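Trainee: I'd like to go over a predicted model; first the sequence, then the structure.
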Amino acid sequence: MTEKLLRPLRTRPWPERWLTRVLGAALSCAAYLACLPWDLRNRPASPGSEVETTPVTGTGVLALAAVLLLLAVHFGLRDALAWPLLLVAAPPAALLYVSLRTHPGPPDGFADAWPLTWAAVTLLGAAAVLVASAVARQFRPDLMDAGEEELALAGRW
């Protein structure tokens with residue numbers, strides 16, 4: 001059973017390949033929805049209070065990062081290098097975009113700063129997913145060493 005779970009997806013039949021990819025994207029969406037609140041705005045600690053609190057917790061962010069990195073490692077071992085970006089990094093980035101777009105902040109001068117926040121978080125997440133999947137890819141037993149792979153990709157093999 002473990003051999004089947006870790007075998008490269010390109011060797012699997014296409015329904016299993018695409019089902020695995022859809023399941024990976026659904027897991028990354030579910031992780032985002034479970035770990036981060038939908039409305040990311042700061043709120044008063046109590047009615048009439050001047051002190052604001054954010055619904056985003058450090059534990060939630062760390063749990064989301066751990067789940068996304070595990071998914072990136074899994075797809076880095078099993079699939080081509082671009083798929084982890086599409087399956088693991090893109091769904092949370094899209095959900096964050098929708099969340100920031102549909103829940104504008106208070107008109108305090110920073111209401112229009114959400115695109116910068118979204119871009120920074122998306123870039124950081126995509127870079128982490130790409131690095132994790134590239135490192136995991138180095139441990140694939142079916143890949144040739146890097147020099148032979150580059151020659152094969154260039155058509156010189």
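Mentor: That came in fine, so what should we check first?
Trainee: how much space between A66 and V98?
Mentor: 23 Å (Cβ to Cβ, to the nearest Å). Every residue, glycine included, has its C-beta placed from N, CA and C.
Trainee: do the same with D79
Mentor: Relative to V98, and taking Cβ to Cβ, D79 is found at 26 Å.
Trainee: what sits against A72?
Mentor: P84, V88, A89, A128, V129, L130, A132, S133, A136 (Cβ atoms under 8 Å, 6 or more residues apart in numbering).
Trainee: now do the SS call for it.
Mentor: helix (DSSP: H, G, I helix; E, B strand; the rest coil).
Trainee: tell me how far it lies from V129.
Mentor: A72 is 4 Å from V129, by Cβ to Cβ.
Trainee: overlap in contacts, these two.
Mentor: Counting by Cβ under 8 Å, 6+ apart, the residues touching both A72 and V129 are P84, V88, A89.
Trainee: show me where this structure has helices.
Mentor: Taking DSSP state H as the test, the helices found in the chain are 2-6, 14-35, 58-78, 82-84, 90-102, 114-137, 146-154.
Trainee: pLDDT of the first one, averaged?
Mentor: Yep, that's helix 2-6 we're talking about. Helix 2-6 shows a mean pLDDT of 63.
Trainee: repeat that for the shortest one.
Mentor: Confidence over helix 82-84 (mean pLDDT, whole number) is 90.
Trainee: next: the fifth one.
Mentor: Computed over helix 90-102, the mean pLDDT rounds to 89.
Trainee: tell me what it is packed against?
Mentor: Taking 3 or more Cβ pairs under 8 Å, 6 or more residues apart in numbering; DSSP states H and E as contact, the helices and strands that helix 90-102 lies on are helix 14-35, helix 114-137.
Trainee: swap in the shortest one?
Mentor: Secondary structure elements in contact with helix 82-84, counted by 3+ Cβ pairs under 8 Å, 6+ apart, are helix 58-78, helix 114-137.
Trainee: deepest-packed of those helices, please.
Mentor: Mean neighbours per residue, mean count of other Cβ atoms under 10 Å, is largest over these for helix 58-78, with a mean of 18.
Trainee: picking up where we left off before, between the contacts of A72, which is nearest L9?
Mentor: P84 (11.6 Å; Cβ to Cβ).
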